[in-house]
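A.B. asks: I would like the atomic coordinates for the input below:
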Amino acid sequence: MSAPLGIIAGLGDLPVSLAEAARADGRPVYILRLDGFVEPRLAEYPGETVGLGEPGRAVRLLKAAGCEELVFAGIVRRPEFGKLRPDWSGARLLPKVLKAARKGDDALLRVILAYFEQQGLRIVGAHDIQKSLLAPQGVIAGPAPADNARADMEAAMFIAGEMGRLDIGQGAVVCDGLVLAVEAQEGTDAMLARCARLDPALRGTARKRRGVLAKRSKPIQERKVDLPTIGPATLRGADAAGLSGIVVEAGGVLVLDREELVMEAEARGMFLFGMPAPDESEPG
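C.D. replies: This next block holds a predicted model:
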């Protein structure tokens, strides 16, 4: 039997999907649930709950379970570092974590990944475990984008790339060439909710859809962790904002619950389209 796959799991569909995929392949899993971000659907799997400040304990548990590979998955919000209760390893790592956190989420994640790799664990990406999650190129769901959506798609991808280069976020919304929103710490769902509250003169409606959400990995992205994800909830948020559809980076975004997503996109007449990351020198 192969060694168990270690999953350090936050909230959401992604860690559940990975655990189910590993089990379907006959591979055991061992889940470390992060305190404060425990996904109830993972309760049936073996594992423990660990604090965000307990990397030493996490490594000991993973090795005791026989894990050699480790994947990070799920939603985890940045903690209040002053309220962490670190173990000995966490206390030693904390100065590096605090320094990296001031530079952005990607810098922070690199420090955390490096610690686990230094302890002899091999970090793998979610797409290494479940390759079918990666967005393909071309139409993924719904109709092909109309010609008048193409310029918004390219502009939104470019803007999302610029935000990612600054380690701010992974998404942007553009309508008729106007940037309606960029994603920061609030996340995609909250960004789309902001768009839905805008004056309909600035955005589309269910009767006359306009505008596009773009999601893509950051140009500086450590692709073993934190690849952007979309799922049916993303589509519903885009629908509430009256958008025509969603464009994602082919090979750089994880698509969850694709069957449901396709059904909902087709029912709403919205598109989901995969395109390569554009040339970063200029939009369009």
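A.B. asks: Kindly provide the distance from the residue most central in space within the chain to residue 85.
C.D. replies: By C-alpha atoms, centre = their mean, the chain has its centre lying nearest to residue 228, at 3.0 Å. Relative to residue 85, residue 228 is positioned 31 Å away (C-beta to C-beta, to the nearest Å). Backbone N, C-alpha and C define where each C-beta goes, glycine included.
A.B. asks: ok, now residue 152?
C.D. replies: From residue 152 over to residue 85 the distance is 47 Å, taken as C-beta to C-beta.
A.B. asks: what about those two, which has more around it?
C.D. replies: Between residue 152 and residue 85, counted using other C-beta atoms under 10 Å, the more crowded position is residue 152 (27 against 11).
A.B. asks: shaky segments in the stretch 151-284 of the chain?
C.D. replies: In the predicted model of the stretch 151-284 of the chain, residues 279-284 satisfy pLDDT under 70.
A.B. asks: Where do the strands of the stretch 51-200 of the chain begin and end?
C.D. replies: Residue ranges of the strands in the stretch 51-200 of the chain, as given by DSSP state E, counting those that start in this stretch, are 69-73, 122-123, 138-141, 171-175, 178-182.
A.B. asks: re the thing from before, for residue 123, see how far away the closest residue to the residue nearest to the centre of the chain other than its chain neighbours is.
C.D. replies: Leaving aside its chain neighbours, residue 228 sits nearest to residue 170 (4.2 Å; criterion: C-beta to C-beta, 6 or more residues apart in numbering). Per C-beta to C-beta, residue 170 is found 20 Å from residue 123.
A.B. asks: contacting residues around the closest residue to residue 13 other than its chain neighbours?
C.D. replies: Excluding the flanking residues, the one nearest residue 13 by C-beta to C-beta, 6+ apart is residue 256, at 4.7 Å. Applying C-beta atoms under 8 Å, 6 or more residues apart in numbering to residue 256 gives the contacts 13-14, 17, 133, 229-232.
A.B. asks: hang on, the earlier thing: tell me, how many residues neighbour the residue nearest to residue 228?
C.D. replies: 27.
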